[in-house]
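*Asks:* pasting the sequence and the predicted model now:
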Amino acid sequence: MAKTLQLQFNTSEGGSASVTIDAPIEPVNAVAIQQAMDAIIASGAFISTTGPFLSVKKASLIDREVTDIL
């Protein structure tokens, strides 16, 4: 099973953008994720096609199963 942590942000021009983290440390800590997302916004390091990250939209832990055939 492959797990990813998807962090979604609202952007300044009304759009949204996401950052995906492979193999996140578990169990995930909601408080730490909120703090990290706030730090990402405050840093201004990420800008999408719809502008800089403005606010937290949501965070999701995605769990998927991959079966290799060949």
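*Replies:* Structure's in. What do you need? Predicted, not measured: the structure shown is a model, and the values here were computed from it.
*Asks:* which stretches in the protein count as strands?
*Replies:* 2-11, 16-22, 47-48, 51-64 (DSSP state E).
*Asks:* out of these, the one nearest Gln35 is which?
*Replies:* strand 51-64 (10.6 Å; Cβ to Cβ). In short, each C-beta sits where N, CA and C put it, glycine included.
*Asks:* residues contacting the closest one, please?
*Replies:* Here strand 51-64 makes contact (Cβ atoms under 8 Å, 6 or more residues apart in numbering) with 1-13, 15-17, 24, 28, 30, 33-34, 37-38, 40-41, 44, 46-47.
*Asks:* circling back: please identify the deepest-packed of the strands of the chain.
*Replies:* strand 2-11 (a mean of 16; mean count of other Cβ atoms under 10 Å).
*Asks:* may I have that strand as PDB, with CA atoms only?
*Replies:* Provided in PDB are the C-alpha atoms of strand 2-11 (Å, rounded to 0.1, in the frame of the first residue of the first chain):
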ATOM      1  CA  ALA A   2       1.200   3.500  -0.900                       C
ATOM      2  CA  LYS A   3       0.200   6.400   1.300                       C
ATOM      3  CA  THR A   4       0.500  10.100   0.600                       C
ATOM      4  CA  LEU A   5      -0.300  13.200   2.500                       C
ATOM      5  CA  GLN A   6      -2.000  15.800   0.300                       C
ATOM      6  CA  LEU A   7      -2.000  19.400   1.600                       C
ATOM      7  CA  GLN A   8      -4.500  21.600  -0.200                       C
ATOM      8  CA  PHE A   9      -4.400  25.400  -0.100                       C
ATOM      9  CA  ASN A  10      -6.600  28.300  -1.300                       C
ATOM     10  CA  THR A  11      -4.700  30.800  -3.500                       C
END
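*Asks:* can you measure across stretch 9-21, start residue to end residue?
*Replies:* 14 Å (Cα to Cα, to the nearest Å).
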